[in-house]
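*Asks:* sequence plus predicted model, see below.
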Amino acid sequence: MEQNTSNPNNFTPVGSKQENIFLEGPHSRWKEMIFLFDVVKEFIHGFRKLHFVGPCVTVFGSARFQETHPYYELARQMGQQIVGLGFTVMTGGGPGIMEAANRGAKEAGGNSVGCNIVLPKEQKPNPYLDLWVDIDYFFLRKVLLTKYSYAFVVMPGGYGTLDEFFEAITLIETGKLQKFPVVLMGKNYHEELHKHVERMKVEKTINDKESGLFLFTDSIDEAINHINKHAVQGFKLKLRKKISPFGILGEKKPKAFTK
């Protein structure tokens with residue numbers, strides 16, 4: 001297919017060479033099979049690496065907030081409170097909000113894990129992770145961030161954070177995911193987003209029930225109480241017998257998860 005080479009906005013296309021080739025059109029069945037095997041191999045790697053992390057709460061947010069930013073401190077405090085409920089804090093594994101939440105978890109004596117996306121810049125595992133897995137495909141990373149989590153906390157962020165927020169809401173709305181609690185933190189930052197959700201309700205593209213699928217708040221206490229009510233109590237979570245590593249599969253439980 002011929003590509004449009006005009007670029008009136010001086011926009012530089014971003015994408016891997018592999019992706020560009022993939023989008024060119026039909027390829028040999030052998031190449032398609034190799035791609036499929038590559039995806040399955042990465043899925044298995046992620047499942048094996050994160051097998052012992054236990055029930056998690058996933059925190060989404062921007063990689064670009066520095067340590068001195070108020071949102072960084074908010075995420076740090078959130079991480080501290082989440083482990084107080086008995087959860088592992090899971091993030092995208094990078095800097096900014098992700099680092100802050102993982103840092104808070106470690107400071108409070110809890111467990112901290114990440115699903116790090118492999119990017120040419122900006123993203124690398126932060127130093128507060130007990131365990132992380134490197135992922136090439138965004139869609140696979142989102143599966144892992146969802147698979148182990150009983151709640152989602154959405155901090156201020158960019159396109160990726162909003163993508164993760166709306167995917168979680170969509171999966172819950174359509175019944176593909178159980179009604180796990182979702183918390184949208186940062187009233188000032190997300191004010192226009194919340195207004196747009198209300199606009200969708202007025203236009204009847206969503207209903208009252210669907211507009212109530214998340215808590216909109218600035219309060220860490222309110223967020224933690226919401227998670228406790230709808231995740232811990234709602235799903236009747238309790239400590240169970242810990243699963244031991246299976247030597248035949250080459251499993252080895254990380255030290256942080258042997259407590």
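*Replies:* Received, thanks. Quick caveat: nothing in here was measured; it's all calculated off a predicted structure.
*Asks:* output the below-cut-off pLDDT ranges for the stretch 51-200 of the chain.
*Replies:* 120-123 (pLDDT under 70).
*Asks:* and if we set it to 80?
*Replies:* The stretch 51-200 of the chain contains residues with pLDDT under 80 at 119-123.
*Asks:* just the helices in it please.
*Replies:* Secondary structure of the stretch 51-200 of the chain (DSSP state H, counting those that start in this stretch): helices at 70-84, 97-107, 138-147, 159-173, 191-202.
*Asks:* return the most buried member of the ones you listed.
*Replies:* Mean neighbour count (mean count of other Cβ atoms under 10 Å) peaks for helix 97-107 among the helices of the stretch 51-200 of the chain, with a mean of 27. To be clear about C-beta, it is placed using only N, CA and C from the backbone, and glycine gets the same treatment.
*Asks:* so what does it touch, helix or strand wise?
*Replies:* Helices and strands touching helix 97-107, by 3 or more Cβ pairs under 8 Å, 6 or more residues apart in numbering; DSSP states H and E, are strand 56-60, helix 70-84, strand 88-91, strand 112-117.
*Asks:* closest one to residue 170 among the ones you listed?
*Replies:* Closest approach to residue 170 among those is made by strand 56-60 (14.4 Å; Cβ to Cβ).
*Asks:* ok so, going back, distance to residue 203 for the helices and strands packed on helix 97-107 - can I get that in TSV?
*Replies:* As requested, those are exported to TSV (distance: least, Cβ to Cβ, whole Å):
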stretch	distance to residue 203
strand 56-60	26
helix 70-84	31
strand 88-91	34
strand 112-117	34
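*Asks:* so which of the helices of the stretch 51-200 of the chain is nearest residue 131?
*Replies:* Once these are compared by Cβ to Cβ, helix 97-107 is nearest, at 10.6 Å.
*Asks:* quick one on the thing from earlier: quick one, which of the helices of the stretch 51-200 of the chain is nearest to residue 31?
*Replies:* Of those, nearest to residue 31 by Cβ to Cβ is helix 138-147, at 18.9 Å.
*Asks:* distance from the closest one to the middle of the chain?
*Replies:* Using Cα atoms, centre = their mean, to the nearest Å, the distance from the centre of helix 138-147 to the centre of the chain it belongs to is 7 Å.
*Asks:* stretch 49-59 now?
*Replies:* Taking mean C-alpha positions (Cα atoms, centre = their mean), stretch 49-59 and its chain are 11 Å apart.
*Asks:* what would the helices of the stretch 51-200 of the chain look like in JSON lines with distance to residue 60?
*Replies:* Shown next, in JSON lines, are these (distance: least, Cβ to Cβ, whole Å):
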{"stretch": "helix 70-84", "distance to residue 60": "10"}
{"stretch": "helix 97-107", "distance to residue 60": "8"}
{"stretch": "helix 138-147", "distance to residue 60": "8"}
{"stretch": "helix 159-173", "distance to residue 60": "5"}
{"stretch": "helix 191-202", "distance to residue 60": "13"}
